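1. With the input below, show me the fold.
(one chain, ligands or ions: 1)
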Amino acid sequence: MAQRETWSTRTGFILAAVGSAVGLGNIWRFPFAVGDGGGAAFLIVYLAFIALIGFPAILAEFVVGRKTGRNPVGALMEYGGEAWKYVGGVFVFIGIVLLSYYSVIAGWFIRYFLAGFQGSYADHLASYNGEAIEMFFDMTFGMSSVVLHTVFMAATIGIVALGIRQGIELAVKLMVPALIVLLVGLAVWAFTLDGAGAGYAYYLSPDAGTIAENWATLLPAAAGQAFFTLSLGMGVMITYASYLGEDRNLTKDAATIIGFDTGIAFLAGLVVFPVFFSGGIEPGEGGPITIFVSMTEAFANIPGGRVLGLVFFGTVVIGALSSAISLLEVVTAYLIDEKGVDRWKAAGGIGLLIYVIGLPTTYDIIFIELYDGFIDAVLLVFGALMVMILVGWVAPKVAVAELEKGIGDLDGLAQAWIWAIRVPIIIVLVISLYLGIVDYMDILASFSEWMNANL
Ligand code: TRP
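-> Sure thing, here's the model as predicted:
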């Protein structure tokens with residue numbers, strides 16, 4: 001087998017991991033998860049989960065990846081024993097399905113980005129009699145969705161096929177800084193809107209009552225969002241850490257990556273909530289389409305909306321692309337390492353399969369809910385749980401030794417890490433998984449209604 005590639009610099013690795021973490025999860029999913037969860041109450045639980053669960057969990061994936069230097073299937077097998085390869089197989093499956101609809105949603109953002117070139121958002125909206133929801137369904141589903149899904153997958157495949165240094169590292173070095181600059185600019189602009197005060201209040205002042213009343217939905221939603229946004233639960237961070245050539249301080253890298261990801265999600269909230277409140281939009285309604293509907297109304301009504309809109313939707317596409325490449329890289333790395341396929345063939349072949357699996361989601365939004373509900377609330381939580389069991393119970397000593405490489409003796413801290421994983425984190429994950437499955441039953445029920453009505 002050819003020599004395995006490594007990142008050329010520490011910054012390259014960090015940017016790639018940040019690029020993976022920052023994506024639709026931060027800008028598309030986070031605002032509607034906050035809205036579903038009742039605003040600031042969700043934000044608090046989410047931030048707590050990022051710190052208490054996200055941080056130990058990302059370290060666990062890093063340790064497994066760097067220790068084994070392999071893709072998730074090989075890594076879990078080497079780390080935990082033969083039977084763990086099936087868990088690795090589930091990870092590869094998650095990557096395939098997740099990317100399949102992720103690409104379609106990224107295509108919606110491309111569509112809205114292109115709309116800015118075709119005319120002002122006000123004109124677009126007027127041609128749908130001011131109905132932003134109608135505009136959304138007309139513009140995003142059907143043929144244009146298929147075409148843009150094709151374009152997005154082709155770009156993802158191209159970058160991954162080029163490899164770690166030539167493709168991924170180079171791409172994220174351009175994309176991550178661009179994304180941050182654009183979002184900061186948008187947040188400053190949002191600050192000047194009339195609804196900014198109300199938006200900040202909704203987003204930033206929690207009341208304990210809401211948390212106590214809604215914990216059964218808040219808990220799995222916040223856990224799911226925390227894993228999704230940090231790209232945990234399916235081996236992205238295992239794979240990226242497997243390309244680390246040297247031993248360095250993984251806790252520092254984890255803190256940096258989490259800091260960026262959380263900062264950017266927070267920033268996205270500072271952009272969208274002022275906009276929602278200026279436009280008189282209820283953040284809790286609309287789920288996956290919220291952001292499109294509300295941002296179009298906003299961009300239709302403010303001076304310079306056409307350019308701002310273009311910038312906003314374009315920014316999200318950049319973020320989505322750097323995440324998509326991480327998903328495809330997991331599956332590609334598996335085919336290269338375990339099956340000896342060459343990089344181009346692996347990325348292209350599996351990319352095509354992913355493309356086909358995504359096609360139903362271009363047809364009706366119910367498929368997005370069907371795919372996303374299963375991946376986010378069920379499989380990613382399951383995947384994260386498996387990594388926690390592996391690191392916390394199956395081979396904790398190896399994990400501690402690996403973590404201490406490049407840091408030195410951690411004593412009590414390493415034990416605290418292992419114990420955090422062993423009990424509280426595993427309990428939260430088990431509860432979230434259970435509640436996630438219960439919620440998913442509702443989605444399945446509405447899907448079968450949809451089938452009966454449409455087929
Ligand atoms: N974290 C990315 C986002 O926020 C999405 C993503 C990329 C992801 N790779 C992942 C989610 C792996 C879960 C697992 O958009």
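2. Ile427 versus the residue nearest to Leu193 when sequence neighbours are not counted, what's the distance?
-> With C-beta to C-beta, 6 or more residues apart in numbering as the criterion, Leu193 has its nearest non-adjacent residue at 4.4 Å, and that residue is Ser278. C-beta: built from backbone N, CA, C; applies to glycine. Using C-beta to C-beta, to the nearest Å, one gets 41 Å for the distance from Ser278 to Ile427.
3. Of those two, which one has the most company?
-> Ser278 (21 against 10; other C-beta atoms under 10 Å).
4. just to revisit the earlier point, contacts only, for the residue nearest to Leu193.
-> When contacts are counted by C-beta atoms under 8 Å, 6 or more residues apart in numbering, Ser278 touches Leu193, Asp194, Gly195, Ala196, Gly199, Ala298.
5. dump the residue contacts of Asp36.
-> Under the criterion of C-beta under 8 Å, 6+ apart, the neighbours of Asp36 are Phe42, Thr217, Ala221, Gly284, Gly287.
6. and it, what pLDDT?
-> Looking at Asp36, its pLDDT stands at 84.
7. what do you get for Val378?
-> At Val378 the predicted local confidence, pLDDT, stands at 91.
8. Just give the closest residue to it, not the sequence neighbours.
-> Gly436 (5.1 Å).
9. So which residues of the stretch 151-300 of the chain form helices?
-> Under the criterion DSSP state H, counting those that start in this stretch, the stretch 151-300 of the chain carries helices at the ranges 170-191, 196-204, 208-213, 215-229, 236-242, 250-278, 290-301.
10. Ile368: which of these is closest?
-> Shortest separation from Ile368 across these is recorded for helix 290-301, at 12.4 Å, computed as C-beta to C-beta.
11. Please name the nearest non-neighbouring residue to Gly88.
-> Using C-beta to C-beta, 6+ apart and skipping residues adjacent in sequence, the residue nearest Gly88 is Val73, 3.3 Å away.
12. Could you measure from that neighbour over to the ligand?
-> Val73 sits 15 Å away from the ligand when distances are taken as C-beta to the nearest ligand atom, to the nearest Å.
13. next one: Tyr101
-> Taking C-beta to the nearest ligand atom as the measure, Tyr101 and the ligand are separated by 11 Å.
14. Kindly report the same for Ala416.
-> Shown here: Ala416 relative to the ligand, a distance of 26 Å by C-beta to the nearest ligand atom.
15. Number of residues surrounding that residue?
-> Neighbourhood size, Ala416 [other C-beta under 10 Å]: 12.
16. returning to what we had before: out of the contacts of Asp36, which one sits closest to Val92?
-> Sorting the contacts of Asp36 by distance to Val92 puts Ala221 at the head of the list, at 25.8 Å, by C-beta to C-beta.
17. right, and the closest one touches Val34 too?
-> No: contact status for Ala221 versus Val34: not in contact, 9.5 Å apart, counting by C-beta atoms under 8 Å.
18. Name the residues contacting each of the two.
-> Listed as contacting both Ala221 and Val34 by C-beta under 8 Å, 6+ apart are Phe42.
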